[in-house]
Structure formats: structure tokens, C-alpha cells
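Asker: Pasting the sequence and the predicted model now:
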Amino acid sequence: MPFACIYIPNFPIASALRAEPELQARPVAIFEGKPPLEQIVAVNENANRLSIAPGMTKAQAELCSELCSELALRPRSALQESSTHAALLDCAQSFSPCVEDSACDTVLLDLAGMEALFGSLHKISHAISERTTALDLAANIAIASNPDAALLAARGLGSASTPFDKLKAGFARAGVAVIPPGKEAESLGGLPVEVLFSNRLEGEEKKSADRLLETLARWGIRNLRALAALPEISLSERLGQEGLRMQQLARGTASRTLVPVEVPLLFEEAIELEHPIVLLEPLAFLLNRLLEQLCARLASRALATQELRLTLGLSNLTGIDDECESVGIPSENDGPSKNMWGQPPSAVRRSEAPLPHCRQTKFIRKLNLPLPMLDPKVFLKLLQLDLNAHPPGAPIMKIHLAAEPARPRSAQGGLFLPPSPEPEKLELTLARIAGIVGEHKVGAVELLDTHHPQGFRMRRFVAEVARKVPQKKTPDATEAQAAVTALRRFRPPLRANVTLENGQPAHLVCRRKEVQGEVLWKAGPWRFSGDWWEHDAWSRDEWDLALRNGETISFYRLVHDLLGGGWFVEGTYD
């Protein structure tokens with residue numbers, strides 16, 4: 001039964017590079033702790049060449065950075081590591097339903113029966129490697145007949161000091177290894193014994209592991225081959241059951257069942273910023289990166305999204321002039337870039353009124369889509385349009401983006417049906433129109449369950465699939481000759497002054513010159529009322545009347561508001 005292991009070496013560095021891919025070629029060091037006791041916890045190879053190692057203080061690393069200006073010092077981010085771990089689990093669960101969450105940087109997969117879906121083990125290993133690359137994960141992949149052998153092999157591939165040519169032989173991609181059944185001891189023999197304790201141990205477990213490594217070092221045991229060759233009885237007498245378990249791991253004969261993890265479908269990406277963002281353009285650059293990572297994770301699970309939630313962590317507005325200068329707001333001649341207040345940067349500098357303090361620490365926007373989509377470019381444009389219409393109002397220090405998973409839409413167009421617009425392009429067009437005329441003035445009309453003449457509301461427009469409508473019967477001559485009159489409403493209705501004779505309108509005066517004069521003909525009134533149990537109750541009388549417009553006669557609808565007492569011309573008949 002084959003098992004696979006996906007291991008991300010130097011996990012804190014990998015999480016930082018996933019958030020900032022532009023740091024790939026630069027020396028990077030990760031520190032944590034409170035000042036002035038910040039300590040370096042992880043470095044990449046480029047930083048190691050500059051004699052920067054874990055355990056150094058941040059001050060010592062900054063002295064080295066004076067010699068190399070390219071050194072990037074980043075604080076350790078729990079948000080970035082959590083997002084990287086979630087992406088690792090998404091990658092694993094896209095290949096197997098049985099996944100064990102061994103550590104934050106390690107997952108194990110049960111590949112039983114997966115060869116019928118993905119091909120041979122070599123193809124599976126390369127497919128996993130390609131998927132991790134698409135998710136911006138620098139991972140080592142190993143496949144063996146038991147999970148512990150696969151785990152040791154993957155961690156051995158991440159050991160720079162250990163040649164692993166036997167596992168890499170025959171593979172064009174580095175960091176991928178497949179151990180044939182029965183070759184576990186031979187393949188794992190060259191690994192150092194430290195690989196058995198590469199988990200992050202703390203407290204008594206770490207002390208016990210250090211004592212075992214010290215004992216093995218005194219015996220001259222440097223690699224797993226030497227540990228596997230020790231006599232079992234003598235090893236048990238000196239190290240007990242722990243020694244026998246270590247020897248089984250070194251020989252690749254340990255056997256156990258995986259403990260599958262049930263991971264909820266949460267797709268979230270976040271980034272914490274060292275300096276506040278004021279302009280929308282750099283914010284869009286970061287949003288594009290987060291959206292691409294979210295869409296890659298959704299695609300690995302064969303899912304799409306119909307709802308995006310953007311949460312921005314805001315900083316205090318006190319001293320915003322200094323912050324604007326520190327983050328590089330362009331001058332007045334730099335172009336029409338907007339800041340978080342929806343104004344050009346020069347407007348902030350020239351403003352004489354003091355800026356208010358920002359008490360709100362979070363800015364939340366929700367983007368509801370009519371159909372499940374999976375296009376980061378469309379999502380980015382929609383978010384840009386939304387932020388242009390609703391600026392956050394303060395500099396941004398943290399970005400959190402979440403996607404609600406949904407099944408991808410599946411639709412088949414009819415051969416004889418007219419083509420409909422693509423949902424992505426239609427949504428962008430509607431968003432642009434809404435940015436001009438207003439959000440609540442774009443959509444489709446939905447009638448409400450009321451008799452009020454204005455009983456409708458605007459809802460989101462969704463392009464529905466055209467259905468075959470049964471053909472109506474040919475109307476007879478009487479129906480064809482029947483007159484059809486349409487009412488063209490005035491929005492808002494025109495206020496009018498009405499002269500009554502015997503309780504009926506006789507003369508009408510309105511601010512429109514063409515809608516006034518003596519009433520030539522009238523019909524009514526028709527009384528309507530409703531919602532008497534609500535605060536917005538309504539009651540009205542309606543009249544249809546004719547007025548002379550020069551040489552022509554026009555017909556209008558006149559309304560008397562019985563609760564408010566006003567008269568209104570509601571529309572004209574065509």
C-alpha cells in the first residue's frame with residue numbers, strides 16, 4: 001500500500017516567500033519576539049552565506065545587513081503560516097481522501113487506489129509536485145510503502161548536507177523521490193540520525209531527543225544505516241522500546257495507520273504589512289496576489305466561489321500626514337491616483353480641516369456574485385470598483401480575504417438559442433454602471449406582494465438560461481383591434497395645485513407649463529389603500545383626466561394623497 005509525504009522545508013521562510021515572491025533571490029531572515037529581544041528563527045540559503053544563522057539577535061542581523069543591503073528581515077507571521085498550511089492541506093486532499101496532518105509543514109497521504117485515477121506512482125509524484133508549485137509551495141515529495149519511510153525520505157530530500165542521489169535518480173524534478181517496495185533500508189541508509197527528530201519538540205521531549213542523539217553520537221552512529229545494523233537485543237537493553245522504534249524507522253519497516261484529518265472548507269488568505277498602505281494601486285497589487293492564491297486553492301479542490309469577503313485592518317489616523325509621506329504618496333503631478341479617502345493625494349495635503357481620528361479598526365466589504373466564478377482578474381476588477389465607490393477611510397495595515405466555496409456552474413447552451421453574454425463580463429459591466437448611477441439603481445425589477453403602485457424593488461440581475469416557451473395561440477380579430485394604453489410615470493411625481501368643483505378637479509396648475517389648464521374630461525376617483533398596520537401606511541384617490549396642450553389633448557393620472565393631503569401628477573398616458 002503506497003503512501004506519500006509532502007514536506008515543506010524551512011517552513012517560516014517558505015511562508016514568507018509565498019506572501020512575497022519577489023524575495024526569492026534575496027537573503028531573507030525571519031525573527032520573532034518582543035524588542036529588544038527579537039531572535040532570528042529561520043534563514044534561507046542566501047542569508048546563510050552571509051553568516052546569518054538562527055539564534056542570532058535581530059540587532060546582530062542588522063549589523064550584517066549593513067554589509068549587504070539586500071537582506072530582508074521579516075517578522076514571523078502566524079497568519080502567513082496558517083494560510084500556507086491550509087494550502088498544503090488543499091493540495092493533499094486534491095489527491096487523496098485520506099490525509100494525515102502530521103505537522104504544520106508535513107502531511108501524509110494514503111494513495112491506495114489512486115493509481116487508477118492518476119497513473120503510476122511516478123506520475124502521481126510529479127503531479128503532486130506540479131500542484132504544489134501552482135500553489136506557490138516549495139515542497140519535497142516522497143512515496144514509499146509505509147508512511148514513516150515516506151516521511152523520512154521527504155525530510156531527507158530537504159537535508160542539504162546529505163546526498164540523496166539514489167532517490168533522485170531517474171527524476172527530472174528535484175525534491176521528488178519514489179522508494180520501490182523492499183528498498184526502504186537501502187534508500188534511507190544515508191540519512192543522518194537527526195532526521196528522526198526533525199519534528200518541533202519542546203520541553204521534556206526535546207531534552208529526551210537531545211540525550212538520545214548524544215548517546216548515538218558517543219557510539220559513533222551518524223546515519224540510519226549504522227543504526228539499522230545494531231543488534232536488536234543490545235539496543236533494547238540500552239535504549240529500551242524507544243531504541244527499537246528508532247531502529248524500525250531506520251530500516252523502513254515501521255507500520256501504522258494514518259489518522260485522517262477532517263478539514264473544514266475554509267479558503268482564506270491574509271497578509272500583514274510593515275508600513276501602512278494609503279493608495280489603492282498598491283492595495284490592488286496585493287489583492288491580485290491573494291486572489292491568485294485563493295483561486296489556485298479552489299481549483300485544486302475543483303471548486304469555485306460565489307462570495308468574497310474582504311477585511312482590511314486599519315491604522316489610526318493620528319499623524320496621517322507623516323504616514324502619507326513615509327509610504328510615498330505621489331505629488332500633485334504624479335497623476336490621478338486616489339487614496340483611501342477617495343481623494344487625490346494633493347487634496348489631503350491641502351486640506352485645512354483636521355482629519356478625524358479613526359475609531360474603526362476593521363473595514364469589511366462583501367462581494368456577492370450571481371454565479372460561481374473562478375477568475376482572479378474578474379474578482380480584482382470587481383473589488384477595485386467596489387473600493388473606488390466605498391474607500392476604507394484610513395491607511396491599511398492588514399489584508400484578509402476569504403472565499404465561500406461553491407460548486408462550479410455547469411450549463412449547456414442550446415443549438416438554436418441566441419448566445420448570451422458571459423457572466424464574468426456581464427458582472428463587470430453592471431459593476432461599472434453601478435459605480436456611475438448608484439448600487440440600488442441597477443438590476444432587475446422584482447414585484448412585491450402589495451397593491452401599492454410603487455410596489456417593486458431592484459434585485460441583482462442574473463442572466464438566466466433561455467427556456468423554450470410554448471407558442472401562444474393567434475389572437476382573434478377582437479383582441480388584435482383592442483386599444484392598449486401605457487402609463488409613462490414621472491419620477492418623482494409632479495406636485496400640482498388643483499381647483500375643485502363639487503369635490504372634483506376642475507382646474508390644474510403644475511410647474512410644467514404643458515401639464516396645466518382646465519380639465520376637459522375626467523374619470524374617477526378610484527380609491528386605493530394598504531399597509532395600515534405599518535408606519536408607512538398609504539391611502540390615495542386616483543383620477544384620469546384630459547388637459548388641452550395647445551392644439552392637442554393629453555391624458556394624465558392625477559393622485560390625491562389622503563393621508564398627506566397633497567395632489568400629484570403621477571404620469572401621462574401614451
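Answerer: Perfect, thanks for sending it. Numbers count the residues shown, from 1 in each chain.
Asker: State the distance from the closest residue to residue 428 other than its chain neighbours to residue 236.
Answerer: Spatial nearest neighbour of residue 428, excluding adjacent residues (Cβ to Cβ, 6 or more residues apart in numbering): residue 381 at 5.7 Å. Glycine gets a C-beta too; all of them are placed from N, C-alpha and C. To residue 236, residue 381 is 66 Å away according to Cβ to Cβ, to the nearest Å.
Asker: And for residue 5?
Answerer: 28 Å.
Asker: before we move on, what about residue 279?
Answerer: Applying Cβ to Cβ to residue 279 and residue 236 gives a distance of 67 Å.
Asker: can you check residue 72 too?
Answerer: 49 Å.
Asker: Please apply the same query to residue 537.
Answerer: 89 Å.
Asker: Of the two, give the one with the bigger neighbour count.
Answerer: Remark: of residue 537 and residue 236, residue 236 carries more neighbours, 15 against 11, as counted by other Cβ atoms under 10 Å.
Asker: Identify the residues contacting the more buried one.
Answerer: Residues near residue 236 by Cβ atoms under 8 Å, 6 or more residues apart in numbering: 243-244.
Asker: Residue 445 now?
Answerer: 456-459.
Asker: from the residues you listed, which single one is nearest residue 298?
Answerer: residue 459 (26.5 Å; Cβ to Cβ).
Asker: So that closest one is in contact with residue 442, correct?
Answerer: No - using Cβ atoms under 8 Å, residue 459 makes no contact with residue 442, being 10.4 Å away.
Asker: and the closest residue to residue 139 other than its chain neighbours, how many residues sit next to it?
Answerer: Nearest residue to residue 139, sequence neighbours excluded (Cβ to Cβ, 6+ apart): residue 132, at 4.3 Å. Neighbour count for residue 132, taken as other Cβ under 10 Å: 22.
Asker: okay but residue 132 is in contact with residue 90, surely?
Answerer: No - counting by Cβ under 8 Å, residue 90 is not a contact partner of residue 132; they are 10.3 Å apart.
Asker: What is the neighbour count of residue 256?
Answerer: There are 9 residues near residue 256, going by other Cβ under 10 Å.
Asker: and it, what are its phi and psi?
Answerer: As for residue 256, its main-chain torsions (degrees, to the nearest 10) stand at phi -160, psi 170.
Asker: Any figure for the gap between it and residue 149?
Answerer: For residue 256, the distance to residue 149 - Cβ to Cβ - is 11 Å.
Asker: Residue 52 in helix, strand or coil?
Answerer: Here residue 52 is coil, with the state taken from DSSP: H, G, I helix; E, B strand; the rest coil.
Asker: Can you report phi and psi for it?
Answerer: Given degrees, to the nearest 10, the pair of backbone angles that residue 52 has is phi -100, psi 120.
Asker: contacting residues for it?
Answerer: Here residue 52 is in contact with 27, 29, 40, 43, 61, 64, 71 (Cβ under 8 Å, 6+ apart).
Asker: Look up how far residue 128 lies from the fifth one.
Answerer: Read it as residue 61. Taking Cβ to Cβ, one finds residue 61 at 35 Å from residue 128.
Asker: Narrow the contacts of residue 445 to those in strands?
Answerer: Among the contacts of residue 445, DSSP state E puts 456-459 in strands.
Asker: where's the residue nearest to residue 139, which helix or strand?
Answerer: helix 121-134 (DSSP states H and E).
Asker: Determine the set of other helices and strands touching that helix.
Answerer: strand 3-7, helix 78-93, helix 115-118, strand 140-144, strand 176-178, helix 280-300 (3 or more Cβ pairs under 8 Å, 6 or more residues apart in numbering; DSSP states H and E).
Asker: Now do the strands in the stretch 251-400 of the chain.
Answerer: With strands called from DSSP state E, counting those that start in this stretch, the stretch 251-400 of the chain shows them at 267-277, 304-314, 362-373, 396-406.
Asker: how about a markdown table for the ones you listed, with mean pLDDT added?
Answerer: Output for the strands of the stretch 251-400 of the chain, formatted as a markdown table (pLDDT from 0 to 100):
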| stretch | mean pLDDT |
| --- | --- |
| strand 267-277 | 87 |
| strand 304-314 | 90 |
| strand 362-373 | 86 |
| strand 396-406 | 90 |
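Asker: right, and the ones you listed - which one's nearest residue 53?
Answerer: strand 267-277 (23.2 Å).
Asker: Need the residues that contact the closest one.
Answerer: Here strand 267-277 has contacts from 19, 75, 77, 79-80, 82-83, 86, 90, 283, 286, 289-290, 293-294, 297-298, 305, 315, 323, 326-327, 340, 395-405, using Cβ under 8 Å, 6+ apart.
Asker: before we move on, the earlier item: and of the ones in strands among the contacts of residue 445, the nearest to residue 51?
Answerer: Distance to residue 51, by Cβ to Cβ, is smallest for residue 459 among the ones in strands among the contacts of residue 445, at 64.0 Å.
Asker: Which of the helices or strands spans the nearest residue to the closest one once chain neighbours are set aside?
Answerer: In space, residue 459 comes closest to residue 446 once its chain neighbours are excluded; the distance is 4.6 Å by Cβ to Cβ, 6+ apart. Element membership for residue 446, per DSSP H and E: strand 444-447.
Asker: next one: residue 489
Answerer: strand 487-501.
Asker: Please pull up the helix or strand immediately following that strand.
Answerer: strand 504-510.
Asker: Identify the residues contacting that next one?
Answerer: By Cβ under 8 Å, 6+ apart, strand 504-510 touches 494-500, 515-519, 522, 543, 545, 547, 558, 569.
Asker: For that strand, what is the distance to the chain centroid?
Answerer: Distance of strand 504-510 from the chain centroid (Cα atoms, centre = their mean, to the nearest Å) equals 60 Å.
Asker: got it, and stretch 286-302?
Answerer: On Cα atoms, centre = their mean, the centre of stretch 286-302 falls 7 Å from that of its chain.
Asker: what do you get for stretch 212-227?
Answerer: Counting by Cα atoms, centre = their mean, stretch 212-227 comes out at 48 Å from the chain centroid.
Asker: same deal with stretch 546-563?
Answerer: 55 Å.
Asker: again, but for stretch 507-515
Answerer: 56 Å.
Asker: Keeping just the C-alphas, turn it into CSV.
Answerer: Output in CSV follows, covering the C-alpha atoms of stretch 507-515 (Å, rounded to 0.1, in the frame of the first residue of the first chain):
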residue,chain,number,x,y,z
HIS,A,507,-58.5,73.3,-13.0
LEU,A,508,-54.9,72.2,-12.5
VAL,A,509,-51.7,74.2,-12.2
CYS,A,510,-48.2,72.5,-12.3
ARG,A,511,-44.6,73.6,-12.6
ARG,A,512,-44.6,72.1,-16.1
LYS,A,513,-46.4,74.5,-18.4
GLU,A,514,-47.7,71.7,-20.6
VAL,A,515,-49.3,70.0,-17.6
